[in-house]
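>>> The sequence and its predicted three-dimensional model are supplied below.
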Protein chains: 2
Amino acid sequence: MDTVGNTAEQDTRDDELGEEEIVERIFEAIIDQRLPPGAKLSEAALCEAFSVGRMRIRQSLLLLASREVVELLPNRGAFVASPSAEQAREVFEARLMIEPTVARLAAERATDDDLKKLEQHLRLEHEAHHGNKRRDAIRLSGQFHMLLAEIAGNAVVLRMVKELVTRTSLIIGIFGSPGVSNCRDEDHDEIFNAFSARDPDAATRLMSDHLRHIQEHLELNGPAEGTSDLVAIFRK
Amino acid sequence: MDTVGNTAEQDTRDDELGEEEIVERIFEAIIDQRLPPGAKLSEAALCEAFSVGRMRIRQSLLLLASREVVELLPNRGAFVASPSAEQAREVFEARLMIEPTVARLAAERATDDDLKKLEQHLRLEHEAHHGNKRRDAIRLSGQFHMLLAEIAGNAVVLRMVKELVTRTSLIIGIFGSPGVSNCRDEDHDEIFNAFSARDPDAATRLMSDHLRHIQEHLELNGPAEGTSDLVAIFRK
DNA sequence: GCTGACACGATTGTCAACAAAAAAACTACG
DNA sequence: CGTAGTTTTTTTGTTGACAATCGTGTCAGC
């Protein structure tokens, strides 16, 4: 169903899921916007969903909270985070700090094999976009950014980008216009062209523009933050 | 004893420490190099050290592991991480990606009050440096970078910088020349001068140079990684 | 009819005992 | 005297039950 091709990370697959896998699955569900901001993540429900003990779930939720993807209210439980406008600003500021340089490094270091992987990925993005597969489109456009970080060859930065992309999905879910999807795939195409042309400077600039485009399509002044919890939940 | 002036974060001080506090304390201990790379973090010992239940410690260690500051070996326990040369490269690449822009933003946004705080901090750094208080000097020079992220006004980035600074302490512990301390405080002085002159471009460039200086003083080709574990443990 | 307190149910947080695995110590053998 | 195998001990991982807290529903009083 929603299984992604996970080539690596197959070490602990005896019969139970590790906490890292659970975290990954919840990350994906949030990127796909199957889990909207503010959704309650009941321990019991998650225990049944993943067929694991409560402790494992508890640890996973703690991990997610440490990435600020989940909010942990004492004695109340875990909820999918609802970033404020201020937090949204911070996330995009961080992305603008990191990802243009990621694009530059990736463009400098990409092998021919990497370019082929990128091309293949863009094909999938186009398919999803034209086939009105909104979920797939969103997930793939997030994965594009992670793929770049992977090509850049820096695990530290990859982890940061993964967190930022996931939080961006939440932000778009709250502040985004309903019809508009995550990234415009034409932007991704242009970045890829810079890769093909071996032009790191262009890749840097295009990524910068791309992120600014996304941010401009948000309404960060619109919904008041105080009511955002309830509003976000009920306008699903 | 070794309590640092923690102005904020005094919410849960009834009688037990929260996991966030424990994580913070261990972070500080690693920055101070009281906990060398490879040191074993036994659950029982930490339980006694912090006077908390085993579960709290367990969660704290998981949090630290998720920041790659602690290595968690199944059925073996928790150890302070021993970054490889490759990881060291990645950490510095990430810092060079983020911190020059942090310096720029901080320079643009610093209030007069921020400048005073910076000046006060540099005074402390000088004292520690000239008074041969190596531990204090290292801790303070790390805090300088965090202070900049705080002034930049971005909590997301602040958390990233905190993680990177802590890991840098481990890296210096492994790959640094014994006598050389963390940062040269003259570099910090120059950055502060750029702040005073309201010159964000200079601040950006100086931070970039500063980080490169630190990296150049490491011997990332020197000690083989295989022996680093044992060596690091026994030269406490 | 509406507002307050009270009690119930459900969920989360914590603890202690138990099981499993690895490290250490000891013994026997080469 | 060194080494390999075995037993002991320590440490980690997991499960289950229990305690505390919060949200909800009910009922009495105004």
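Happy to help now that I have it. Residues are numbered from 1 along each chain as shown, chains lettered A, B, ... in the order given.
>>> Please count neighbours and contacts with C-alpha atoms only from this point.
OK.
>>> Spell out which parts of chain A neighbour DNA strand D.
Proximity of chain A to DNA strand D, by CA under 7 Å from any atom of the strand, involves residues A:52-53, A:55, A:74-76.
>>> Next, the buried residues of stretch A:154-171.
A:154-158, A:160-171 (16 or more other CA atoms under 10 Å in any protein chain shown).
>>> Identify all contacting residues around that stretch.
Contact partners of stretch A:154-171, identified using CA atoms under 8 Å, 6 or more residues apart in numbering or on different chains, comprise A:27, A:30-33, A:36-37, A:67-69, A:81-83, A:88, A:91-92, A:94-95, A:99, A:142, A:145-146, A:149-150, A:182, B:90-91, B:94.
>>> For the residues of chain A next to DNA strand D, pick the one with the most neighbours.
A:Val52 (18 neighbours; other CA atoms under 10 Å in any protein chain shown).
>>> is it true that that one lies in a helix?
No: read with DSSP: H, G, I helix; E, B strand; the rest coil, A:Val52 is coil and lies in no helix.
>>> other SSEs contacting the longest helix along chain A?
When chain A is parsed with DSSP state H, its longest helix is helix A:85-109. With contacts defined as 3 or more CA pairs under 8 Å, 6 or more residues apart in numbering or on different chains; DSSP states H and E, the packing partners of helix A:85-109 are helix A:134-152, helix A:155-175, helix A:200-216, helix B:85-109, helix B:155-175.
>>> Tabulate the residues of chain A next to DNA strand D in CSV, adding columns for distance to B:Asp113 and pLDDT.
Formatted as CSV, these follow (distance: CA to CA, whole Å; pLDDT from 0 to 100):
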residue, distance to B:Asp113, pLDDT
A:Val52, 51, 95
A:Gly53, 50, 94
A:Met55, 46, 94
A:Pro74, 35, 94
A:Asn75, 38, 94
A:Arg76, 38, 95
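>>> Which positions in the longest helix of chain A come out as buried?
Neighbour-count burial for helix A:85-109 flags A:85, A:87-109 (criterion: 16+ other CA under 10 Å).
>>> can you check stretch A:25-42 too?
A:25-33, A:35-41.
>>> Which ones among those residues map onto strands?
A:40-41 (DSSP state E).
>>> can you name the two of the buried residues of stretch A:25-42 that are farthest apart?
A:Arg25 and A:Gly38 (17.5 Å; CA to CA).
>>> ok, the residue lying closest to A:Ala194 once chain neighbours are set aside to chain B distance?
The shortest distance from A:Ala194 to any non-neighbouring residue, by CA to CA, 6 or more residues apart in numbering or on different chains, is to A:Ala203 (5.3 Å). Distance, A:Ala203 to chain B, using CA to the nearest CA, to the nearest Å: 15 Å.
>>> What of A:Lys133?
Using CA to the nearest CA, one obtains 31 Å as the distance from A:Lys133 to chain B.
>>> Now do the strand or helix carrying A:Asn193: everything it contacts.
Here A:Asn193 sits within helix A:185-196, counting by DSSP states H and E. Contacts to helix A:185-196, defined as CA under 8 Å, 6+ apart, come from residues A:107, A:110, A:115, A:118-119, A:122, A:125-126, A:141, A:144, A:200, A:202-203, A:206-207, A:210.
>>> of all the residues you listed, which comes closest to B:Leu63?
A:Phe144 (27.6 Å).
>>> Near the closest one, how many other residues are there?
Counted with other CA under 10 Å, A:Phe144 comes out at 18.
>>> and what of A:Ser60?
21.
>>> For B:Glu21, which of the helices and strands packed on helix A:85-109 is the nearest?
Checking the helices and strands packed on helix A:85-109 against B:Glu21 by CA to CA gives helix B:155-175 as the closest, at 14.4 Å.
>>> Please tell me how far the closest one is from the chain's geometric centre.
4 Å (CA atoms, centre = their mean, to the nearest Å).
>>> and the angle for that helix with helix B:85-109?
With axes from the mean of the first three to the mean of the last three CA atoms, to 10 degrees defining the directions, helix B:155-175 sits at 140 degrees from helix B:85-109.
>>> Grab the CA positions of helix B:155-175 and hand them over as CSV.
Only the C-alpha atoms of helix B:155-175 are listed here, as CSV (Å, rounded to 0.1, in the frame of the first residue of the first chain):
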residue,chain,number,x,y,z
ALA,B,155,14.7,28.4,17.9
VAL,B,156,15.0,25.8,15.2
VAL,B,157,18.5,26.9,14.3
LEU,B,158,19.4,27.3,17.9
ARG,B,159,18.7,23.6,18.6
MET,B,160,20.8,22.6,15.5
VAL,B,161,23.7,24.8,16.6
LYS,B,162,23.5,23.4,20.1
GLU,B,163,23.8,19.9,18.8
LEU,B,164,26.6,20.7,16.4
VAL,B,165,28.6,22.6,19.1
THR,B,166,28.3,19.6,21.4
ARG,B,167,29.5,17.2,18.8
THR,B,168,32.3,19.5,18.0
SER,B,169,33.5,19.2,21.6
LEU,B,170,33.7,15.5,21.1
ILE,B,171,35.5,15.9,17.8
ILE,B,172,38.1,18.2,19.4
GLY,B,173,38.5,15.7,22.2
ILE,B,174,39.4,13.0,19.6
PHE,B,175,41.2,14.9,16.8
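>>> Report the mean per-residue pLDDT for it.
For helix B:155-175, mean pLDDT is 95.
>>> swap in stretch A:89-106?
Rounded mean pLDDT across stretch A:89-106 is 98.
>>> Need the residues that contact that stretch.
For stretch A:89-106, contacts defined as CA under 8 Å, 6+ apart pick out A:148-149, A:151-153, A:161, A:164, A:167-168, A:200-201, A:203-208, A:211-212, A:215, B:97-98, B:101, B:154-157.
>>> sorry, back to before: will you turn the helices and strands packed on helix A:85-109 into JSON lines that also has distance to DNA strand C?
Listed next are these as JSON lines, based on distance: least, CA to the nearest atom of the strand, whole Å:
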{"stretch": "helix A:134-152", "distance to DNA strand C": "27"}
{"stretch": "helix A:155-175", "distance to DNA strand C": "21"}
{"stretch": "helix A:200-216", "distance to DNA strand C": "33"}
{"stretch": "helix B:85-109", "distance to DNA strand C": "24"}
{"stretch": "helix B:155-175", "distance to DNA strand C": "22"}
